[in-house]
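Trainee: One predicted model, sequence on top.
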Amino acid sequence: MYASFTLRLKAFMIDYILIFLYLIVIFIFSVFLFPSVQQLFTGSLVTAQFYGFLLVTFPVSLYFIISDSNIGKQSFGKRKAGIRVVKKNGESLSVVHAIIRTIIKFLPWELSHFLVYRLMYLGDAEVPIAYYLVGVLIYALLFAYILTAVFLKKKQSLYDILVKTYVVKESKSEI
């Protein structure tokens, strides 16, 4: 049986608590223990974006890639919610499949980082139209991800449709 949007949201919120704890650790390290890390974000736009990706996006993505693939089978949140991500045949995702799914799933998140970095470096200059278009794309993707997971019969989000995956409830025998 396909996992409802509510179950998927519950799993993501549990996982997001872990992500939030990780972000707190990064904050403590970069502000109190190793303040020199902050200098990585004051250089060029490309350097700041790269280090932001390296410290935040990459570890979070790696968590979902490993946990949703055939290595971990479920993220912590999915395990607690009793759901998992599978391919059409019910098998766990390969690492490559999980990478593609995670890239598409977190595209709005990374586009948000991209936009925030550019807006920070703008100062008082006029906001280019391209930045507005990126903002619209971020919200369009988020709405599409949510609406497809809520209203489609198989409860697939857009990124699940694109990579041919399903989020399913675990049967009692699998738990």
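Mentor: Sure thing, it's come through. Predicted model, so just to flag it, every value in this text is computed and none were measured. Numbers count the residues shown, from 1 in each chain.
Trainee: So which residues make contact with the helix or strand of the chain with the lowest mean pLDDT?
Mentor: Least confident helix or strand of the chain, by mean pLDDT, DSSP states H and E, is helix 45-52 with a mean of 84. When contacts are defined by Cβ atoms under 8 Å, 6 or more residues apart in numbering, helix 45-52 is touched by residues 40-42, 113-114, 117-118, 121. C-betas here are computed from N, CA, C, even on glycine.
Trainee: Check stretch 125-145 too.
Mentor: Identification of contacts with stretch 125-145 by Cβ under 8 Å, 6+ apart yields 105, 107-108, 111-112, 114-115, 118-119, 157-159.
Trainee: Quick check: which ranges of this structure have low pLDDT?
Mentor: Within the chain, the ranges that satisfy pLDDT under 70 run 172-175.
Trainee: Now do the strands in it.
Mentor: For the chain, the strands defined by DSSP state E cover 83-87, 165-169.
Trainee: Throw these into a markdown table and include distance to Ser69 and mean neighbour count, thanks.
Mentor: Listed next are the strands of the chain as a markdown table, based on distance: least, Cβ to Cβ, whole Å; neighbours: other Cβ atoms under 10 Å:
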| stretch | distance to Ser69 | mean neighbour count |
| --- | --- | --- |
| strand 83-87 | 9 | 21 |
| strand 165-169 | 11 | 20 |
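Trainee: will you turn the ones you listed into TSV that also has distance to Pro128?
Mentor: Below are the strands of the chain laid out as TSV (distance: least, Cβ to Cβ, whole Å):
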stretch	distance to Pro128
strand 83-87	37
strand 165-169	36
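Trainee: just so I know, which of these lies nearest Ile14?
Mentor: strand 83-87 (11.0 Å; Cβ to Cβ).
Trainee: which of the contacts of helix 45-52 count as buried?
Mentor: 41, 113-114, 117-118 (16 or more other Cβ atoms under 10 Å).
Trainee: From those, which land in helices?
Mentor: Mapping these onto helices (DSSP state H) picks out 113-114, 117-118.
Trainee: Burial check on Tyr139, number of neighbours?
Mentor: Neighbours of Tyr139 under the rule other Cβ atoms under 10 Å: 11.
Trainee: typed the wrong thing, it's Thr102
Mentor: Neighbourhood size, Thr102 [other Cβ under 10 Å]: 22.
Trainee: Spit out the contact partners of it.
Mentor: By Cβ under 8 Å, 6+ apart, the residues touching Thr102 are 61, 64-65, 68.
Trainee: Which of the residues you listed ranks first by neighbour count?
Mentor: Greatest neighbour count in the contacts of Thr102, by other Cβ under 10 Å, goes to Asp68: 27 neighbours.
Trainee: Would you agree it is in contact with Gln74?
Mentor: Yes. Counting by Cβ atoms under 8 Å, Asp68 touches Gln74, with 7.1 Å between them.
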